[in-house]
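S.K.: quick one: sequence and predicted model below, then my questions.
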Amino acid sequence: MVAYVFDNILTKGVRAGQIPARTQAARRWYRNEAEKVDVTPSKLMRENQSKVVRGFEIGQMMLFQYDPKLKRKLPYYDTFPLVFPIEPRDKGFLGLNMHYLPLRQRAMLMDALYTLRTDSRYNEDTSLKLSYQILKRSARYKLFKPCVKHYLNSHIKSRRIKIDPVEWDMALFMPLQRFQKASSSQVYSKSMEMVA
């Protein structure tokens, strides 16, 4: 059952001696396990209704279905963004959609973002201290550029599912992106041009 995808990987990881997010080796282990999972974003969301949140919290990862207002003009877009909100914006928020990077670069950006965590507990209160200015000021976060998107609350077409901090590395590598009007490889190629 999909509701247990995160739990199954966590249990397997703890048995293997891997504490989520604490070390680089543990992050790699969880990312590799998540990459093997066969799950759709809609099914993952349906089976995790206990994680539904209203609104958004800066620095907390969430997944939702999205229908962009300007989709006819956009060269491509992701209908199931995996987002860290970074600041409120008119009628919505600015967020980092991690799906816009290839897996290796996603991991690199996430490793850099871990330096902005609020604590080392990785519990439901742990978040990232994010803002557009913080990301823009440091070369450490340069991979963020293609990920920044403005999300309008009125165009979110599902409930928002909060991803717990111990699950961040797993969600990061699950095949949840659903790009429209371009393939993943085309999107990644354009993203890498933006950070070159």
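M.R.: Happy to help now that I have it.
S.K.: which residues touch the residue most central in space within the chain?
M.R.: With distances taken as Cα atoms, centre = their mean, L82 lies nearest the centre of the chain, 3.5 Å away. For L82, the contacting residues are 61-63, 97-99, 163, 171-172, 176-177, by Cβ atoms under 8 Å, 6 or more residues apart in numbering. To be clear about C-beta, it is placed using only N, CA and C from the backbone, and glycine gets the same treatment.
S.K.: quick one: the helices in this protein?
M.R.: Taking DSSP state H to define them, one finds helices in the chain at 5-15, 24-35, 41-46, 103-113, 132-137, 168-173, 184-195.
S.K.: can I get these in CSV with distance to L70?
M.R.: As requested, the helices of the chain are exported to CSV (distance: least, Cβ to Cβ, whole Å):
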stretch, distance to L70
helix 5-15, 33
helix 24-35, 31
helix 41-46, 22
helix 103-113, 25
helix 132-137, 20
helix 168-173, 26
helix 184-195, 17
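S.K.: and for V52, nearest residue in space, chain neighbours not counted?
M.R.: Here the nearest residue to V52 in space, its sequence neighbours aside, is R159; by Cβ to Cβ, 6 or more residues apart in numbering that works out to 4.5 Å.
S.K.: ok so, going back, most neighbours out of the contacts of L82, which is it?
M.R.: Highest neighbour count within the contacts of L82: M98, with 28 neighbours (other Cβ atoms under 10 Å).
S.K.: re earlier: buried deepest among the helices of the chain, which one?
M.R.: Stretch with highest mean neighbour count among those: helix 168-173 (a mean of 24; mean count of other Cβ atoms under 10 Å).
S.K.: residues in contact with it?
M.R.: With Cβ under 8 Å, 6+ apart, helix 168-173 has contacts from 5-6, 9-10, 20-21, 27, 30-35, 37, 61, 63, 82, 98, 103, 106-107, 110, 163.
S.K.: equivalent analysis for stretch 177-186, please.
M.R.: 41, 71, 74-80, 82, 99, 187, 190.
S.K.: cool, stretch 32-51 as well?
M.R.: Residues from elsewhere that reach stretch 32-51 (Cβ under 8 Å, 6+ apart): 1-3, 5, 9, 12-13, 63-65, 80, 103, 158-159, 161-164, 169-176, 178.
S.K.: how long is it end to end?
M.R.: Stretch 32-51 stretches 24 Å from its first residue to its last (Cα to Cα, to the nearest Å).
S.K.: could you do stretch 104-122 as well?
M.R.: First residue to last in stretch 104-122 (Cα to Cα) measures 22 Å.
S.K.: and that stretch, how far out from the chain middle?
M.R.: The chain centre lies 11 Å from the centre of stretch 104-122; the measure is Cα atoms, centre = their mean, to the nearest Å.
S.K.: which one of the helices of the chain lies closest to K145?
M.R.: Ranking these by their distance to K145 (criterion: Cβ to Cβ) puts helix 184-195 first, at 5.0 Å.
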